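**Q** Give me a 3D structure for the following:
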Amino acid sequence: MPDLSLTAAPPRHELLRQLRLRLPEVVPGLRLVAEGILGADSRIDFVGVDAERRLTLVLVGQPDEEFALLGRALAHRAWVEARLGDWLQLAPELGVRPEAGVALLLMSPGFTPEAEAAARSLGEAAPRLAVFRCVRNGAGVEALLEPTRRRPDRPEQPPSPPAAAPVPAFRTGLTDADLGLGPDERAEFE
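**A** Presented below is the predicted three-dimensional model:
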């Protein structure tokens, strides 16, 4: 069995070719309809239609540029949304439901917790995030793709507040009874 080891990404065209094959692992049922098209001010790596018949824009980022990638993706989504009606006139066979909106999938070598939180803050419009890793498998390099643990398209729910309980006067949570304080002793601390 060949040894696997993490390695640098292959040239961009090869990385995109490999990631293209792995997209359904992150967005099941994704059907690609375009690659490398000009968007707002730069190229959109992939355009697809997901299982919900929503247009999906896929952008691949470089190391340490996750915030720039998020900003670029939002700009592309706004640009595409403004032109979606025209796109559908040109290609009605895509089967896109315009009312479903435009989804985003961002792929990067990593996302910081802050970048994930920024994506989640978009609520329902949050992009999906996926991390790619490149491994040397014998003589070749293979790109692997996995969704982030915290799914930005499903914001984490804050924990339920505990049942209302009397708030102790001490920040440690100790009560007068825990410390054996009488009224006179307690008055010294107030």
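
**Q** Any regions of the protein where pLDDT drops low?
**A** Applying pLDDT under 70 to the chain picks out residues 1-2, 149-179, 188-190.

**Q** Please repeat the previous calculation with a cut-off of 50.
**A** For the chain, the stretches with pLDDT under 50 are 1, 151-160, 170.

**Q** which stretches of it form strands?
**A** 4-6, 31-38, 43-49, 55-60, 102-108, 128-137, 140-147 (DSSP state E).

**Q** can I get those in CSV with distance to Arg83 and mean neighbour count?
**A** Using the backbone N, CA and C atoms, a C-beta is placed for each residue, glycine as well. Listed next are those as CSV, based on distance: least, C-beta to C-beta, whole Å; neighbours: other C-beta atoms under 10 Å:
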stretch, distance to Arg83, mean neighbour count
strand 4-6, 40, 10
strand 31-38, 11, 14
strand 43-49, 12, 20
strand 55-60, 11, 24
strand 102-108, 10, 23
strand 128-137, 22, 18
strand 140-147, 28, 16
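
**Q** quick one: contacts for Leu32?
**A** By C-beta atoms under 8 Å, 6 or more residues apart in numbering, Leu32 lies in contact with Arg20, Leu23, Phe46, Val47, Gly48.

**Q** Tell me which of the strands of the chain lies nearest to Gly182.
**A** Between Gly182 and the strands of the chain, the shortest separation by C-beta to C-beta is 56.9 Å, and it involves strand 128-137.

**Q** That closest one: how far from the chain's middle?
**A** 14 Å (C-alpha atoms, centre = their mean, to the nearest Å).

**Q** List of residues touching that strand?
**A** Taking C-beta under 8 Å, 6+ apart as the rule, strand 128-137 contacts 2-10, 15, 19, 22, 26-27, 60, 103-111, 115-116, 119, 141-148, 151-153.

**Q** run the last query once more with 7 Å
**A** 2, 4-10, 19, 26-27, 104-111, 116, 119, 141-148, 152-153 (C-beta atoms under 7 Å, 6 or more residues apart in numbering).

**Q** In its sheet, which strands sit next to it, and in what direction?
**A** Strand pairing for strand 128-137, determined by DSSP bridges: strand 4-6 (antiparallel), strand 102-108 (parallel), strand 140-147 (antiparallel).

**Q** will you turn the ones you listed into JSON lines that also has distance to Cys134?
**A** Converted to JSON lines, the strands paired with strand 128-137 look like this (distance: least, C-beta to C-beta, whole Å):
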{"stretch": "strand 4-6", "distance to Cys134": "7"}
{"stretch": "strand 102-108", "distance to Cys134": "12"}
{"stretch": "strand 140-147", "distance to Cys134": "5"}
